[in-house]
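Participant: Give the three-dimensional model of this entry:
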Amino acid sequence: MAPTPIENELMHRTLQAIEQMRPEVEGSARQAPSFPSGEFDPMFFDAPSHRSPPAQSAVYFCLNSASALLEVTRSLLVRLEEPSAPCGHLPGWSELSELSKAAGQSAYLAAVMLADPRNRNLAPLRREHAQTRTPVGARVKAKLKTLIGAKPA
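Facilitator: Sure thing, here's the model as predicted:
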């Protein structure tokens, strides 16, 4: 199922439009806070500052996610037509997997920013003034220890 010339052209145009929008959105997304201190640190991909307005940052993360998923889709459509690739063992599989993970993380960050009502009316804050949160992994570990009767550290 190779992409048709029309599908290729549409994907190419869409990627071009996203790539043209990203620098503009990224520039405007570096003005005010989005995340409290320690939240989503370290980021594993390029991102606007933690001082960005939530909606602007969400747009940026959505564009990153869409761009990455379009690249994965285009690569998969082309590679599925290669007769030398055994099913399930496409060349560059790990790169496509990493790109898909980054797209998912980016979309998740956008959803978190838009879902958190505390971010909607925040006045500009400095990162050092934001409340420090316990990482999710530490909270889950502590909860599991209490469930099995061990004392949390």
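
Participant: contacts and neighbour counts: CA atoms only from here.
Facilitator: Noted.

Participant: Quick check: buried residues in the helix or strand containing residue 14?
Facilitator: Residue 14 is located in helix 5-28, with elements delineated by DSSP states H and E. For helix 5-28, a neighbour-count test (16 or more other CA atoms under 10 Å) marks 11, 15, 18, 22, 25-26, 28 as buried.

Participant: Please convert those residues to a markdown table, extending it with pLDDT and distance to residue 3.
Facilitator: Listed next are those as a markdown table, based on pLDDT from 0 to 100; distance: CA to CA, whole Å:
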| residue | pLDDT | distance to residue 3 |
| --- | --- | --- |
| 11 | 81 | 10 |
| 15 | 82 | 15 |
| 18 | 84 | 20 |
| 22 | 79 | 26 |
| 25 | 76 | 30 |
| 26 | 72 | 31 |
| 28 | 59 | 35 |
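
Participant: Which strands or helices does the helix or strand encompassing residue 95 pack on?
Facilitator: Element membership for residue 95 (DSSP H and E) is helix 93-115. If contacts are counted by 3 or more CA pairs under 8 Å, 6 or more residues apart in numbering; DSSP states H and E, helix 93-115 sits against helix 54-80.

Participant: For the helix it packs on, enumerate the helices and strands it packs against.
Facilitator: helix 5-28, helix 93-115.

Participant: Mind exporting the C-alpha coordinates of the last one to CSV?
Facilitator: Once non-C-alpha atoms are left out, helix 93-115 reads as follows in CSV (Å, rounded to 0.1, in the frame of the first residue of the first chain):
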residue,chain,number,x,y,z
TRP,A,93,12.3,0.4,13.3
SER,A,94,13.9,1.8,16.5
GLU,A,95,14.1,5.3,15.0
LEU,A,96,10.4,5.2,14.0
SER,A,97,9.5,3.9,17.5
GLU,A,98,11.4,6.8,19.1
LEU,A,99,9.8,9.3,16.8
SER,A,100,6.3,7.8,17.7
LYS,A,101,7.1,8.0,21.4
ALA,A,102,8.2,11.7,21.1
ALA,A,103,5.0,12.4,19.3
GLY,A,104,3.0,10.8,22.0
GLN,A,105,4.8,12.6,24.8
SER,A,106,4.3,15.9,23.0
ALA,A,107,0.6,15.3,22.5
TYR,A,108,0.3,14.2,26.2
LEU,A,109,2.0,17.5,27.4
ALA,A,110,-0.4,19.5,25.3
ALA,A,111,-3.3,17.6,26.9
VAL,A,112,-2.0,18.1,30.4
MET,A,113,-1.5,21.8,29.9
LEU,A,114,-5.0,22.3,28.5
ALA,A,115,-6.6,20.1,31.2
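
Participant: Many thanks, I have nothing further to ask.
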